[in-house]
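Chemist: Output the structure for:
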Amino acid sequence: MRDAITRLNAALEGRYPVERELGESGMATVYRPDDQRHECKVGRKLLLAVAVALNASCGPAPPAQANASTLSRQQMDFERARHQMVEEQIEARGVTDPRVLEAMQRVPRHEYVPAEYQARAYSDRPLPIGLDQTISQPYIVALMTELLQPEPDDRLLEIGTGSGYQAAVAAELVSEVYSIEIIPELARSAAERLERLGVSNVFVRAGDGYLGWPEQSPFDGILVTAGAEHIPEPLVEQLKPGARMIIPVGDLSSFQILKVVEKLPGGEVEIRDIIPVRFVPLRRNEQD
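Modeler: The predicted model follows:
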């Protein structure tokens, strides 16, 4: 309102003549400095100034402000949807680790899906991300993360970067995440997305995840986000003693069983079945 009064006083003093022009977006008020004297009557100036003041104080917000307001409302909607997702889809199903719940609350899942699916980003389902790949159901992401029992100083390996969402959730809980994606386009886009979103402790490379990342091993935990026909021996070898691997294993044409593979201190392996799941297949490079 103060700006409107300032313009009102300026118009009364004759420093800024007021014109109204019709632009592309409709009627706009334009102010132009002019040193020439104007012979208008004070009454006419007053009417023009009042019109300008009212237009400035009561008219619609400029497009930039309107866009910012729309974006702000949209972000608030996403936050509410994310809170509801954690409460109703994850916590209600038995995921109780407070660090995992907080990570799921912080990571914006809508940023990891294509624009046409953002409105459904917090729904209780996997979503396509292109190239016949999907982003996992939120509950499964949270469950796999909790089963891994991550600690703040851990270094994790992820097989199947996809859009980067699981890696981003894990990155909230550990020191470093090394993620391998067999599809180069997905590896590149995930790395760019993670960088844009400020996730600096995830390292992505394109390659055959079945073989793991031997030069960075051993790992404190391994997450496999694709269905395997059997447990890959190279990944077991890259686990630290006492560490876990979470992996879906089974018939790739139907359902798999989510398994916890724990490497015991003596090197033996203990395997525990959790729940039936369905993942896209774990792909291999043709030459392997």
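
Chemist: Could you use CA atoms for every contact and neighbour count after this?
Modeler: Fine.

Chemist: and stretch 136-154, C-alpha only, in CSV?
Modeler: Extracted C-alpha coordinates of stretch 136-154, given in CSV (Å, rounded to 0.1, in the frame of the first residue of the first chain):
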residue,chain,number,x,y,z
SER,A,136,9.6,-49.0,-6.3
GLN,A,137,6.5,-48.7,-4.1
PRO,A,138,7.3,-46.4,-1.1
TYR,A,139,6.6,-49.2,1.4
ILE,A,140,9.1,-51.5,-0.3
VAL,A,141,11.7,-48.8,-0.3
ALA,A,142,11.2,-48.2,3.4
LEU,A,143,11.1,-51.9,4.3
MET,A,144,14.3,-52.8,2.4
THR,A,145,16.1,-49.8,4.0
GLU,A,146,15.0,-50.8,7.5
LEU,A,147,15.9,-54.5,6.9
LEU,A,148,19.5,-53.4,6.0
GLN,A,149,19.8,-51.8,9.5
PRO,A,150,22.0,-48.9,8.2
GLU,A,151,24.3,-46.9,10.5
PRO,A,152,25.6,-43.3,10.0
ASP,A,153,29.2,-44.4,9.1
ASP,A,154,28.2,-47.2,6.7
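
Chemist: Just the CA trace of stretch 114-124, in CSV.
Modeler: Provided in CSV are the C-alpha atoms of stretch 114-124 (Å, rounded to 0.1, in the frame of the first residue of the first chain):
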residue,chain,number,x,y,z
PRO,A,114,8.6,-38.2,-14.7
ALA,A,115,6.5,-35.0,-14.8
GLU,A,116,3.4,-36.8,-16.0
TYR,A,117,3.4,-39.0,-12.9
GLN,A,118,4.2,-36.4,-10.2
ALA,A,119,0.6,-36.1,-9.2
ARG,A,120,0.8,-39.9,-8.2
ALA,A,121,4.2,-39.7,-6.7
TYR,A,122,3.0,-40.5,-3.2
SER,A,123,0.5,-43.2,-4.2
ASP,A,124,0.9,-46.8,-2.8
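
Chemist: G250 and A228 touch, don't they?
Modeler: Yes. The pair G250 / A228 is scored as a contact, 6.4 Å apart, by C-alpha atoms under 8 Å.

Chemist: since we're on the closest residue to Q256 other than its chain neighbours, how many residues are nearby?
Modeler: In this structure, Q256 finds its nearest non-sequential neighbour in G250, 4.3 Å apart by C-alpha to C-alpha, 6 or more residues apart in numbering. By the criterion of other C-alpha atoms under 10 Å, G250 has 21 neighbours.

Chemist: Would you mind giving me the confidence score for G250?
Modeler: pLDDT recorded at G250 is 96.

Chemist: which residues does it contact?
Modeler: Counting by C-alpha atoms under 8 Å, 6 or more residues apart in numbering, G250 touches G227, A228, E229, H230, Q256, I257.

Chemist: ok, now H230?
Modeler: Here H230 is in contact with V249, G250 (C-alpha under 8 Å, 6+ apart).

Chemist: doesn't it fall inside a strand?
Modeler: No. Using DSSP: H, G, I helix; E, B strand; the rest coil, the secondary structure at H230 is coil, not a strand.

Chemist: now it: how far from D153?
Modeler: As judged by C-alpha to C-alpha, to the nearest Å, H230 and D153 stand 29 Å apart.

Chemist: same check, this time on E102
Modeler: As judged by C-alpha to C-alpha, E102 and D153 stand 18 Å apart.

Chemist: Of those two, which one has the most company?
Modeler: Shown here are E102 and D153; by other C-alpha under 10 Å, E102 has more neighbours (15 against 11).

Chemist: And the helix or strand containing the more buried one, what does it pack against?
Modeler: Using DSSP states H and E, E102 maps to helix 98-106. The contact analysis (3 or more C-alpha pairs under 8 Å, 6 or more residues apart in numbering; DSSP states H and E) places helix 98-106 against helix 63-84, helix 138-148, helix 165-171.

Chemist: Tell me the buried residues in it?
Modeler: Residues V100, L101, A103, M104, Q105 are the ones in helix 98-106 that count as buried (16 or more other C-alpha atoms under 10 Å).

Chemist: Name the next helix or strand downstream of it, please.
Modeler: Going down the chain from helix 98-106, the next helix or strand is strand 127-130, by DSSP H and E.

Chemist: For that next one, what is the distance to the chain centroid?
Modeler: Distance of strand 127-130 from the chain centroid (C-alpha atoms, centre = their mean, to the nearest Å) equals 14 Å.
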